[in-house]
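[1] sequence-free structure coming up:
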């Protein structure tokens, strides 16, 4: 019972952090080029987590594990944040977020293919209903010109994130999970910052309160804390079930945008919420008298 409550609290914390981060980053991006912002918050977040982990530095085992750290950094930091920031220049934010949050459906599919997790018809239907909820929540984002380049970048962002989650879950028994999170963002953040240095200008950054708050939030809650929670949940349970809760993130993102950025509130939010709740219930419902043997590492 105690473990269940901790899991629920962790999921709530994660969804809230990621939900409010969209509005925070949206404000910060008025004052900074996107690649430099993504790179710096990733790099600083990774370094901050590494500072706390220094007493256990021997667990890094760099010589043996460096390929795992680099693959994770490429998928979960460099490609995920890089494709996301560039893609937002080609598509409306609502449409882009819909495509990116196809990720939980991909996680369920990849977990079935490569991790051997159960994929029942009920779970498939639940994941698809959750995606329909995202479509409803973000319906107003479909206005504007649709770019093929933007669509491709959004889908690639979702694929990169899903593959990164599955890779970390699969390799979690071979590396220290906290060092995996820290090093993936240090390496990925360094790559993004380097790319920003080449293609963008540091002089375009406006060092004001909005930018500093966004950078500070990303380097603390948004990157290290959120991803430690996320991968801890993924490593300790059914990946597709945990991923289904991320369908709530766009709903919170729209709600915070409505409250603090005066973005419009529509009835599609109500419809989307209903679909999202139904999705989570379907994906997580096991039945009354059935028990499923534990097949994951605690």
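    Good, I have the coordinates. Just so you know, these numbers come straight off a predicted model, no measurement behind them.

[2] which residues in this structure form strands?
    Counting by DSSP state E, the chain forms no strands at all.

[3] chain center to the longest helix along it: distance?
    Determined from DSSP state H, the single longest helix within the chain is helix 2-28. Mean-position distance between helix 2-28 and its chain equals 10 Å (Cα atoms, centre = their mean, to the nearest Å).

[4] ditto for stretch 106-123
    19 Å.

[5] And the longest helix of the chain, what's buried?
    10-11, 14-28 (16 or more other Cβ atoms under 10 Å). Yep, even glycine has a C-beta here, placed from its N, CA and C like the rest.

[6] count of neighbours near residue 178?
    Neighbourhood size, residue 178 [other Cβ atoms under 10 Å]: 18.

[7] List the residues that contact it.
    Contacts of residue 178 were listed using Cβ atoms under 8 Å, 6 or more residues apart in numbering, and they are 49, 53, 228.

[8] Looking at those residues, which is nearest residue 208?
    Using Cβ to Cβ, residue 49 is the member of the contacts of residue 178 that sits closest to residue 208, with 26.4 Å.

[9] Do I have it right that that closest one meets residue 189?
    No: counting by Cβ atoms under 8 Å, residue 49 does not reach residue 189; the two are 11.3 Å apart.

[10] Would you mind telling me which of the two has more residues around it?
    A direct count of neighbours by other Cβ under 10 Å for residue 49 and residue 189 places residue 189 higher, at 26 against 23.

[11] Spit out the contact partners of that one.
    Counting by Cβ under 8 Å, 6+ apart, residue 189 makes contact with 39, 40, 41, 42, 43, 44, 45, 46, 77.

[12] roughly how far apart are it and residue 176?
    As for residue 189, its distance to residue 176 is 19 Å (criterion: Cβ to Cβ, to the nearest Å).

[13] do the same with residue 71
    The spacing between residue 71 and residue 176, counted by Cβ to Cβ, is 16 Å.

[14] How about residue 62?
    11 Å.

[15] Pick out whichever of the two has more residues nearby.
    residue 176 (17 against 10).

[16] Please enumerate the helices of the chain.
    Going by DSSP H, the chain shows helices at 2-28, 34-53, 62-73, 80-87, 93-100, 103-114, 121-137, 148-171, 177-199, 209-217, 226-236, 239-244, 248-260, 268-284.
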